[in-house]
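In: Pasting the sequence and the predicted model now:
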Amino acid sequence: MKVLILGATGFIGLPVAQAFVRAGHVVYGQTRSAAKGKQLAAEEIIPIVADVQNPAVYLPLIARVDAIIDAVGGTDLRRVSQFLLNAIASAVQKHRSPHAPKLTYVYTSGTWVHGENRDDVVGDTSPLGLTPELVAWRPAQEQRVVTNPHLNGIVIRPALLYGRSASLMAPFFRKAYEGHVEWPGTPGGRLALIHCDDLAVLYVLAAEKAAIAGEKIFDAANDVSESTDAFLQWLVEVSGAKQPYQYTPPTNLFEAALNTTTIIRPYLGRALLGWQPRKAGLLDHMDVYYNAWKASEGLL
């Protein structure tokens, strides 16, 4: 299989690209930086150096790839997501043989779309609740992906990522390293989590089994959520912070979304694709994950 990863040097995109390489596939990786392009080449990923919003550079690949993975990050995701979907669907009609199978397009959403719910367990096919304002546009984009007539659309919703350089946990590890363990929001919450390596495996399985995964939405989370209070207490102990942890009022839409508690029990990836997270939970290996972050920052 030939795969194009958009955002191939990001926290999601790089582990996904590496996982496709390990699975024996030919992988093209889009990045804006020539220096990062060299890093991709060292990982046996064919670099495509271009701005993701300059599709003329990479969309001709549509004639010969089997799947495109949208793992693009950034602060303007609403506009970029819609732009990419439209550009790729148009390019399919322009560059792809009408007799070729539908191009598989895997879009990255997130479990925040389920909204705040501290009482009920939800899964992949549960009706969505009140989605936080930061990502209120995502449910409509998910539907545009899975109903696009020119693509075999698949949506993956990662929970909060951990591992390696820590992703969204990195700012909190940094504050803990400096002696302050804080979390925006209120006590009693729970964290839906997924290790970046386990998430990467789900992308590979979804693309390889696109014939049955197409037009479906997959939650990507561990089997159980973890207590935010317990996470903060362990972070105090692992980091050696001298002060107890504290909660702070959210100051922006991102922090408000971060405080969202959703108790997720995904089943669709397990039932259809045979996916099963294998990495230890965030609390179980807190010292390992904290030290991995320190190493990535040159602090060890």
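Out: Nice, I can see it.
In: count of neighbours near Ala42?
Out: Residues lying near Ala42 (other CB atoms under 10 Å) number 9. In this view, the C-beta of every residue, glycine as well, is placed from N, C-alpha and C.
In: just the one 5 residues further on next, same as before
Out: Using other CB under 10 Å, the number of residues around Pro47 comes to 21.
In: Also Tyr247?
Out: Each residue near Tyr247 was counted by other CB under 10 Å, and the total is 17.
In: what do you get for the one 3 residues further on?
Out: Using other CB under 10 Å, Pro250 has 16 neighbouring residues.
In: Tell me the secondary structure of it, please.
Out: Using DSSP: H, G, I helix; E, B strand; the rest coil, the structure places Pro250 in coil.
In: mind listing what it touches?
Out: For Pro250, the contacting residues are Pro184, Gly185, Ala256, Leu258, Asn259, by CB atoms under 8 Å, 6 or more residues apart in numbering.
In: Name the nearest residue to the third one, ignoring sequence neighbours.
Out: If I follow you right, that is Ala256. The shortest distance from Ala256 to any non-neighbouring residue, by CB to CB, 6 or more residues apart in numbering, is to Pro250 (4.3 Å).
In: Find me the pLDDT at the one you found, would you?
Out: Pro250 carries a pLDDT value of 95.
In: same deal with the one 5 residues further on?
Out: Listed pLDDT for Glu255 reads 94.
In: quick one: contacts of the helix or strand hosting it?
Out: Element membership for Glu255 (DSSP states H and E) is helix 253-258. Here helix 253-258 makes contact (CB under 8 Å, 6+ apart) with Trp112, Pro132, Glu133, Leu134, Val135, Leu168, Trp183, Pro184, Gly185, Pro250.
In: host element of Ala176?
Out: Assigned by DSSP H and E, Ala176 belongs to helix 170-177.
In: re the thing from before, quick check: what element follows the helix holding Glu255 along the chain?
Out: strand 262-264.
In: after that next one, next one along is what?
Out: Trace forward from strand 262-264 with DSSP H and E and the next one is helix 268-273.
In: who are the neighbours of that next one, in terms of helices and strands?
Out: Helices and strands touching helix 268-273, by 3 or more CB pairs under 8 Å, 6 or more residues apart in numbering; DSSP states H and E, are helix 196-208, helix 210-213, strand 217-220.
In: Could I have the CA atoms of that helix written out in CSV?
Out: In CSV, the C-alpha atoms belonging to helix 268-273 read as follows (Å, rounded to 0.1, in the frame of the first residue of the first chain):
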residue,chain,number,x,y,z
LEU,A,268,-15.7,-0.3,17.1
GLY,A,269,-11.9,-0.4,16.5
ARG,A,270,-11.7,-3.5,18.6
ALA,A,271,-14.7,-5.3,17.0
LEU,A,272,-14.0,-4.4,13.4
LEU,A,273,-10.3,-4.0,13.1
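In: those helices in the chain, which residues are they?
Out: Per DSSP state H, the chain carries helices over the ranges 13-22, 34-42, 77-95, 138-146, 170-177, 196-208, 210-213, 228-239, 253-258, 268-273, 286-296.
In: hmm, back to that, can you redo the helices and strands packed on helix 268-273 as a markdown table with mean neighbour count, mean pLDDT and distance to Ala271?
Out: A markdown table is the format used below for the helices and strands packed on helix 268-273 (neighbours: other CB atoms under 10 Å; pLDDT from 0 to 100; distance: least, CB to CB, whole Å):
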| stretch | mean neighbour count | mean pLDDT | distance to Ala271 |
| --- | --- | --- | --- |
| helix 196-208 | 23 | 98 | 12 |
| helix 210-213 | 17 | 98 | 10 |
| strand 217-220 | 26 | 98 | 10 |
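In: Any idea which of these gets closest to Ala71?
Out: helix 196-208 (8.0 Å; CB to CB).
In: residues making contact with the closest one?
Out: Applying CB under 8 Å, 6+ apart, the external contacts of helix 196-208 come out as 1, 3, 11-12, 15-16, 18-20, 23, 25, 66-67, 69, 104, 106, 154, 156, 158, 161-164, 167, 213, 218, 220, 222, 269, 273-275, 277-279.
In: Pull that helix out as CSV, backbone CA atoms only.
Out: The C-alpha coordinates for helix 196-208 follow below in CSV (Å, rounded to 0.1, in the frame of the first residue of the first chain):
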residue,chain,number,x,y,z
CYS,A,196,0.7,7.9,20.6
ASP,A,197,2.0,4.5,19.5
ASP,A,198,-1.3,2.7,20.2
LEU,A,199,-3.1,5.5,18.2
ALA,A,200,-0.7,5.0,15.3
VAL,A,201,-1.6,1.3,15.1
LEU,A,202,-5.3,2.2,14.7
TYR,A,203,-4.5,4.4,11.7
VAL,A,204,-2.6,1.5,10.0
LEU,A,205,-5.4,-0.9,10.7
ALA,A,206,-8.1,1.5,9.4
ALA,A,207,-6.2,2.1,6.2
GLU,A,208,-5.4,-1.6,5.7
